[in-house]
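Participant: build me a model:
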Amino acid sequence: MDPASNPSATIGSTLDLVGPRLRKVREQRGVTLTVVAERTGISKSTLSRLENGQRKPSLELLLPLAEVYRVPLDDLVGAPEVGDPRIQLKPRRVNGRTVLPLTRHPDGIQAWKIIIPVSQSTPKLRTHDGYEWLYVLTGRMRLIQGERDLVLGAGEAAEFDTQTPHWFGSTGEGPAEVLSIFGRPGERIHVHATSRET
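Facilitator: Numbers count the residues shown, from 1 in each chain. Next comes the predicted model:
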């Protein structure tokens, strides 16, 4: 039977691959099931059964995992390409912010455009593995990183180890658009400049 004529078979085979994808992404992030359970509120046993294919994935389970792993939901479920070669960027709401993924693969460095509304001005420091680079496209953004409390304007950038308690958000004056580039531990942005003779 042609798979196109049996959508439920296609869905079933797609869902069977979600578990291995979840395990691969978690291992690439270098985090344990215990850490993921703490960050998502999903029990460790449920996470284990998801990865082993003993639990059917649902949106209620996959959305918090996509957020914690910082990958598009499509990458977790392996949504099939529809034939259009153009990348369809799909903004989503994450913790009150509009987030637009600029990279599509869970491996390596990931880039996001984040629109921070003026209401996002209450600091909530957090830590996680990795390294982040922020560039303010428009507006002004407040960044707390360890003991430092900074305000960055358009054209300014910051980079930091995300294991240091940090938060970035609105200064309370207006919204900001920020480019975020996030890498796993050991991955950092390298800027090369060439000198010109005058």
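Participant: this protein: strands as residue ranges?
Facilitator: Taking DSSP state E, the strands of the chain run over residues 92-94, 97-101, 110-116, 131-138, 140-145, 148-153, 157-161, 166-170, 176-183.
Participant: next, the buried residues of the third one.
Facilitator: If I follow you right, that is strand 110-116. 110, 112, 113, 114, 115, 116 (16 or more other CB atoms under 10 Å). C-betas here are computed from N, CA, C, even on glycine.
Participant: what would these look like in a markdown table with pLDDT and distance to residue 103?
Facilitator: Formatted as a markdown table, those follow (pLDDT from 0 to 100; distance: CB to CB, whole Å):
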| residue | pLDDT | distance to residue 103 |
| --- | --- | --- |
| 110 | 81 | 5 |
| 112 | 85 | 8 |
| 113 | 90 | 11 |
| 114 | 91 | 14 |
| 115 | 90 | 17 |
| 116 | 91 | 20 |
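Participant: can you name the two of these that are farthest apart?
Facilitator: 110 and 116 (17.9 Å; CB to CB).
Participant: wait, residue 77 sits on residue 57?
Facilitator: Yes. Residue 77 lies in contact with residue 57 (CB atoms under 8 Å); the separation is 7.3 Å.
Participant: any common contacting residues for these two?
Facilitator: Taking CB atoms under 8 Å, 6 or more residues apart in numbering as the contact rule, residue 77 and residue 57 both touch 15, 18.
Participant: any idea how far residue 101 is from residue 118?
Facilitator: 23 Å (CB to CB, to the nearest Å).
Participant: of these two, which one has the most company?
Facilitator: For residue 101 versus residue 118, the count of surrounding residues by other CB atoms under 10 Å is larger for residue 101: 21 against 14.
Participant: how close does that one sit to residue 182?
Facilitator: 11 Å.
Participant: what is in contact with these two at once?
Facilitator: 110, 111, 112.
Participant: so what's the last one bridging to?
Facilitator: In this structure, residue 112 bridges to residue 101, residue 180 when assessed by DSSP bridges.
Participant: output stretch 131-138 as PDB, nothing but the C-alphas.
Facilitator: This file holds the C-alpha atoms of stretch 131-138, laid out as PDB (Å, rounded to 0.1, in the frame of the first residue of the first chain):
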ATOM      1  CA  TYR A 131      27.900  29.600  25.700                       C
ATOM      2  CA  GLU A 132      25.800  32.500  24.400                       C
ATOM      3  CA  TRP A 133      26.500  35.500  22.200                       C
ATOM      4  CA  LEU A 134      23.900  38.300  22.100                       C
ATOM      5  CA  TYR A 135      23.700  41.200  19.600                       C
ATOM      6  CA  VAL A 136      21.100  44.000  20.000                       C
ATOM      7  CA  LEU A 137      19.400  44.700  16.600                       C
ATOM      8  CA  THR A 138      17.000  47.400  17.900                       C
END
